[in-house]
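Q: I'll drop the sequence and a predicted model, then ask my questions.
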Amino acid sequence: MATLTLGKAINEGLRKALEDDAKVLIMGEDVGKLGGVFRITDGLQKDFGEERVIDTPLAESGIIGTAIGLAIRGYRPVCEIQFDGFVYPAYDQIVSQVAKMHYRSRGKLRLPIVIRIPFGGGIGAVEHHSESPEAYFAHTAGLKVVACSNPADAYSMIQQAIATDDPVVFFEPKRRYWEKGEVDTSVAHSEAYPLFASRVVRRGNDVTVAAYGPMVKTALDAATAAAEEGRQLEVIDLRSLSPLDLGPVFESVRRTGRLVVVHEAARAGGLGGEVAARVTEECFYSLEAPVLRVTGFDIPYPAARVEEEFLPDLDRVLDAVDRSFGW
């Protein structure tokens, strides 16, 4: 076991993938010599060379377009989008080409592309650097979308994503890059917890709280605080946003009768609404209260000086838990 930050765990996972498969390439803006703006790819170009860790022009559409051609030729490109808000120039390539190529070719072509996107707020950044665009991609048929929340998952999930024959959009919670955890680097990715599966990360019997990415820690902190008041929250890390694995959520809600869904993205059209709809369809007679959502507000991401007023926090989660008992 090793104690790693989440960012270093991704770095180690990328390194292992590069070692295991000569067809794996990393490409993006400043990923080589600089090691990425968050230093996630630090040292990889030095060890694997400029032909496998490639500094690209500042052109996200070009990065993804090039990756499509490489994937068709048998490579496994891992593309870094420097910040969440920079993905939109590449959106046409991702939705029109990456997501549709396998279907369009009647299964003859696969695009094993991983698109890494640091997402979410909490780092005091300027405009276009703290967004949560995951719902755009989860809504797009043909893409798989995942989000890690801790170093152990980050290490295994990035390797599993690279090994997947379908395109994967891989969201990384940038505000958690520097948080540490235990990682067993001796476990092969094929033996790790399944990539497209949610997981119960804290047991409880009173309220189910479902979250992903940066909000998992917030949910766990809320569960710790609630326990001091005698309420036991069951926290579920969704991990996979498309496909959604809601089996553990259904099982939990049938016991607790209450569900709170937490994410940083805006409320309207967010993943929380989809989770709420499916839980209502499957667990209607088990619910003791409506499914509640704790989310960002339906506004563009605010200036850094007021971002803490925008982001869901422990108090807002606990308030939703209290309201769920008021019905």
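A: Okay, I see it. Residues are numbered from 1 along each chain as shown.

Q: residue nearest the centroid of the protein?
A: Centroid-nearest residue in the chain, with C-alpha atoms, centre = their mean: A147, separated by 1.6 Å.

Q: please tell me I have it right and L25 contacts A71.
A: No. Using C-beta atoms under 8 Å, L25 is not in contact with A71, being 9.7 Å away. For every residue, glycine as well, the C-beta is placed using N, CA and C.

Q: shared neighbours, the two?
A: Residues touching both L25 and A71 (C-beta atoms under 8 Å, 6 or more residues apart in numbering): P77.

Q: still on that earlier bit, test my guess that the residue nearest to the centre of the chain contacts H263.
A: No. At 9.5 Å, A147 and H263 do not qualify as touching, with contact defined as C-beta under 8 Å.

Q: joint contacts of those two?
A: Y212, G213.

Q: where exactly do the strands run in the chain?
A: With DSSP state E applied, the chain shows strands at 2-5, 24-28, 53-55, 76-80, 114-119, 144-147, 168-173, 180-183, 199-202, 207-211, 233-237, 240-242, 259-266, 292-296, listed in chain order.

Q: next one: the residue nearest to the centre of the chain from F325, what distance?
A: A147 sits 29 Å away from F325, taking C-beta to C-beta, to the nearest Å as the criterion.

Q: ok, now A225?
A: From A225 to F325 the distance is 15 Å (C-beta to C-beta).

Q: who's more crowded, these two?
A: A count of neighbours by other C-beta atoms under 10 Å puts A225 above the other of A225 and F325, at 16 against 12.

Q: give the contact list for the more buried one.
A: Contacts here follow C-beta under 8 Å, 6+ apart; on that basis A225 touches L314, L318.

Q: how far away is it from P312?
A: Distance of A225 to P312, given as C-beta to C-beta: 14 Å.

Q: and the longest helix for this structure?
A: Looking across the chain with DSSP state H, the single longest helix is helix 6-20.

Q: may I see the buried residues of it?
A: Neighbour-count burial for helix 6-20 flags 6-18 (criterion: 16 or more other C-beta atoms under 10 Å).

Q: export these to CSV and tack on distance to A197 and pLDDT?
A: Listed next are the buried residues of helix 6-20 as CSV, based on distance: C-beta to C-beta, whole Å; pLDDT from 0 to 100:
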residue, distance to A197, pLDDT
L6, 19, 98
G7, 24, 98
K8, 24, 98
A9, 19, 98
I10, 19, 98
N11, 24, 98
E12, 22, 98
G13, 18, 98
L14, 22, 98
R15, 25, 98
K16, 21, 98
A17, 20, 98
L18, 25, 98
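
Q: just these now: which is nearest W178?
A: When these are ranked by distance to W178 (C-beta to C-beta), G7 comes first, at 6.7 Å.

Q: so that closest one sits right up against K180, yeah?
A: No. Taking contacts as C-beta under 8 Å, G7 lies outside contact range of K180: 10.1 Å.

Q: those helices in the stretch 51-200 of the chain, which residues are they?
A: With helices called from DSSP state H, counting those that start in this stretch, the stretch 51-200 of the chain shows them at 60-72, 91-93, 101-104, 134-138, 151-163.

Q: and these, which is most packed in?
A: helix 151-163 (a mean of 26; mean count of other C-beta atoms under 10 Å).

Q: report the angle between it and strand 76-80.
A: Orientation note: helix 151-163 sits at an angle of 130 degrees relative to strand 76-80 (axes from the mean of the first three to the mean of the last three C-alpha atoms, to 10 degrees).

Q: packing partners for helix 151-163?
A: strand 2-5, helix 6-20, strand 114-119, strand 144-147, strand 168-173, strand 180-183 (3 or more C-beta pairs under 8 Å, 6 or more residues apart in numbering; DSSP states H and E).
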